[in-house]
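1. model the structure of this input:
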Amino acid sequence: MENHRKSEDGQLIALIADEKTCVGFLLAGIGECDKHGQMNFLAVNESTKESLIENFFNDMCNRNDVAILLIDEDIARKISQAIKSWQEPFPIILEVPSQSQLFGVNSEEIPAQSIK
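-> As a prediction, the model looks like this:
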C-alpha cells in the first residue's frame, strides 16, 4: 500500500461518456492523445461492447497521468463491479449525470463513490 500514487500538477481528466457529453468536455479542453496514440476519453454508443468500456476504464485507472476519471452514470452501472473493485486513491472516479436521466436522481451515490 505504500506505492500509492499522488496527484501532481499537469495530470489529466479522463472521460467515459456518450458522444455528446464527450464533445462538450473536448470543447472544454480535456482531450489528450499520448505518444502511443492513446486518448484519454471513450465515446460510448449503444453498439459499444461492455468489455471495451471495462478495458478502457482499467487502462485509465492504471495510467500515472490520470488524476480524475469522469464516467457517465448509465455507463457506470454497466461496469459497476470494475468501479467497486478499484481501491486506489487515484484516479478519483466521479459519475457525471447521464442525458437519459433527470439531474440529481442518483446524486446521493456520487459522494460515496468519490470517497475511497
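
2. what average pLDDT does stretch 25-41 get?
-> The average pLDDT within stretch 25-41 is 93.

3. where exactly do the helices run in this protein?
-> Secondary structure of the chain by DSSP state H: the helices cover 19-27, 50-62, 73-78, 80-85, 109-114.

4. dump the ones you listed to TSV, plus mean neighbour count.
-> Where C-beta positions appear, they are placed from N, C-alpha and C, glycine not excepted. Shown next, in TSV, are the helices of the chain (neighbours: other CB atoms under 10 Å):
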stretch	mean neighbour count
helix 19-27	14
helix 50-62	16
helix 73-78	19
helix 80-85	13
helix 109-114	12
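
5. mean pLDDT for the ones you listed: which is lowest?
-> Lowest mean pLDDT within those: helix 109-114, at a mean of 52.

6. pull the residues that contact stretch 54-64.
-> Defining contact as CB atoms under 8 Å, 6 or more residues apart in numbering, one finds that stretch 54-64 is touched by 5, 12, 14, 16, 38, 40, 42, 66, 69, 71, 79, 82-83, 86, 88, 91, 93.

7. just the buried residues out of those residues, in PyMOL syntax.
-> Command for PyMOL that selects the buried part of the contacts of stretch 54-64, burial taken from 16 or more other CB atoms under 10 Å:
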select buried, resi 5+12+14+16+40+42+66+69+71+79+82+83+86+91+93
